[in-house]
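>>> Provided below for reference: sequence and predicted model.
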Amino acid sequence: MSYSYFAEYYDILTQNAEYDKRADYFLRLFQKHGHETGVTLDLACGTGTLTLELSKRGVDIFGCDMSSDMLSVAQQKAFEDNISILFICQKMQNLHLPGKIDTCICTLDSINHLSGADDVQKTFHKVSRYLNENGLFVFDMNTVYKHQFVLGDNCYIYDTEKVFCAWQNNYSQKDHEVIITLDFFEKDGNIYHRSSEQFSEKTYTQDQIHDMAHKAGFAVEAVYDDMSFAPLKPNSQRAVCVLRKRRFLNE
């Protein structure tokens, strides 16, 4: 999955992500947990907007994503902002870094996009392998509640100046998977060019996430409701998980 068409329109469709506020939130979170960011990886960084926002705030950060199309957009934005940032193209479950890191973030439900629990566990192990002891791995993910009651089998329409997008969900009660189909219609004179993208999101209970974290050498330090320091509620749509690297693994 390269997200080739999605990359072109990603920033338009995620304008409500509030990257500036999200960057400030992460800095407050690190401070709350007494953590110096040090060398920081933005895992599954997409088009790099959050990476750039954190860099502007003084974080020593680089980005990684599996989509070369997403990273091409990220590189262009860094060039336009005159910021030098390393972006590497890798799948998160196959992460291979040249050295250790002190912090890893993974945002906007990227963990949900992995193909299943095995890939989530592999990703946790890979991040743990490169994190220095006491380093933080902070990620957010859509909850079971959101998949069942918000995304569900719903459809959404995005009508912007550049593109018209039809977003359709197909929800599976059995494993809480949502298959997402995006149809893009871009106007060119009196005609529209159509392109399509399909991917899926899977979600997991907090018990499943905690078990996978412990197997990868992490202690679960906190779980927050999105963009807050409040505990999760039964109807929380996004969970922010804060994991602390506690032991080294024999790999």
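Good, I have the coordinates.
>>> Phi first, then psi, for the nearest residue to Thr107 once chain neighbours are set aside.
Leaving aside its sequence neighbours, Thr107 sits nearest to Asp140 (CB to CB, 6 or more residues apart in numbering; 5.5 Å). Heads up, the C-betas are built off the backbone N, CA and C, glycines and all. In terms of degrees, to the nearest 10, the main-chain angles of Asp140 are phi -120, psi 160.
>>> Would you check how far apart Asp140 and Ile209 are?
Asp140 sits 11 Å away from Ile209, going by CB to CB, to the nearest Å.
>>> Common neighbours of the two, please.
Cys241 (CB atoms under 8 Å, 6 or more residues apart in numbering).
>>> What mean pLDDT does stretch 183-190 get?
Stretch 183-190 carries an average pLDDT of 85.
>>> buried set for that stretch?
184, 186 (16 or more other CB atoms under 10 Å).
>>> do the same with stretch 189-201
Buried, per 16+ other CB under 10 Å, within stretch 189-201: 197, 200-201.
>>> Mind checking which of these land in helices?
Counting by DSSP state H, no part of those is found in helices.
>>> any chance of the residues you listed in CSV, plus distance to Glu161?
Shown next, in CSV, are those (distance: CB to CB, whole Å):
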residue, distance to Glu161
Glu197, 20
Ser200, 29
Glu201, 28
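>>> Any idea which of the residues you listed the model trusts least?
Scoring the buried residues of stretch 189-201 by pLDDT puts Glu197 last, at 87.
>>> Test my guess that that one contacts Leu182.
Yes. Under the criterion of CB atoms under 8 Å, Glu197 makes contact with Leu182 at 4.6 Å.
>>> neighbours around the residue lying closest to Ile61 once chain neighbours are set aside, how many?
Excluding its sequence neighbours, the residue lying closest to Ile61 (CB to CB, 6+ apart) is Thr40, at 4.3 Å. Here the count is done by other CB atoms under 10 Å, and Thr40 has 23 residues near it.
>>> repeat for the one 4 residues further on
Residues lying near Ala44 (other CB under 10 Å) number 25.
>>> what residues are up against the nearest residue to it once chain neighbours are set aside?
Nearest non-adjacent residue to Ala44, counting by CB to CB, 6+ apart: Ser110, 3.4 Å away. With contact taken as CB under 8 Å, 6+ apart, Ser110 is in contact with 43-44, 46, 92, 139.
>>> Return the list of helices and strands in contact with the strand or helix carrying Ile180.
Assigned by DSSP states H and E, Ile180 belongs to strand 177-188. On a contact count with 3 or more CB pairs under 8 Å, 6 or more residues apart in numbering; DSSP states H and E, strand 177-188 meets helix 4-13, strand 164-172, strand 191-201.
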